[in-house]
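1. give me a model of this one.
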Amino acid sequence: MPHNRDNLYFNMHKQPLLGQRIRLSQFATPYTITPKNGVHLAKGSTGTIRQVYDSRTIGVQWDSGTEVMIAYDAGDRWELI
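-> Residues are numbered from 1 along each chain as shown. Below you'll find the predicted structure:
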């Protein structure tokens, strides 16, 4: 299911997001893609939701081994898989 503000709100209230698998479709947060900090994420990266901060920010344990939060308001986009 493609992510947008409306279906994330629905999922937060009707379906628990913790433990859900996601795929990154757009990654706009610049600090998370620099090799200097050891984070290697790109479009198509997959992971598991470990924290829900609010209706538009989630913490993800990525399959690459890193844990990075992503935020709708920062331009990040994802889909549940």
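2. just the strands in this protein please.
-> With DSSP state E as the criterion, the chain has strands at 21-26, 46-54, 57-62, 67-71, 77-80.
3. let me have the ones you listed in JSON lines, extended by mean pLDDT and mean neighbour count.
-> Heads up, the C-betas are built off the backbone N, CA and C, glycines and all. JSON lines is the format used below for the strands of the chain (pLDDT from 0 to 100; neighbours: other Cβ atoms under 10 Å):
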{"stretch": "strand 21-26", "mean pLDDT": "91", "mean neighbour count": "16"}
{"stretch": "strand 46-54", "mean pLDDT": "88", "mean neighbour count": "15"}
{"stretch": "strand 57-62", "mean pLDDT": "89", "mean neighbour count": "19"}
{"stretch": "strand 67-71", "mean pLDDT": "86", "mean neighbour count": "18"}
{"stretch": "strand 77-80", "mean pLDDT": "89", "mean neighbour count": "17"}
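4. how far away is the closest residue to residue 57 other than its chain neighbours from residue 53?
-> Excluding its sequence neighbours, the residue lying closest to residue 57 (Cβ to Cβ, 6 or more residues apart in numbering) is residue 71, at 4.4 Å. Residue 71 is 8 Å from residue 53, where distance means Cβ to Cβ, to the nearest Å.
5. one more: residue 47?
-> 15 Å.
6. which phi and psi does residue 66 have?
-> When read as degrees, to the nearest 10, the backbone of residue 66 gives phi -100, psi 160.
7. thought it was touching residue 45?
-> No. With contact defined as Cβ atoms under 8 Å, residue 66 does not count as touching residue 45 (9.6 Å).
8. what about these two, which has more around it?
-> Per other Cβ atoms under 10 Å, whichever of residue 66 and residue 45 has more neighbours is residue 45, with 20 against 16.
9. shouldn't the more buried one be in contact with residue 22?
-> No. When contacts are counted by Cβ under 8 Å, residue 45 is not listed as touching residue 22 (9.1 Å).
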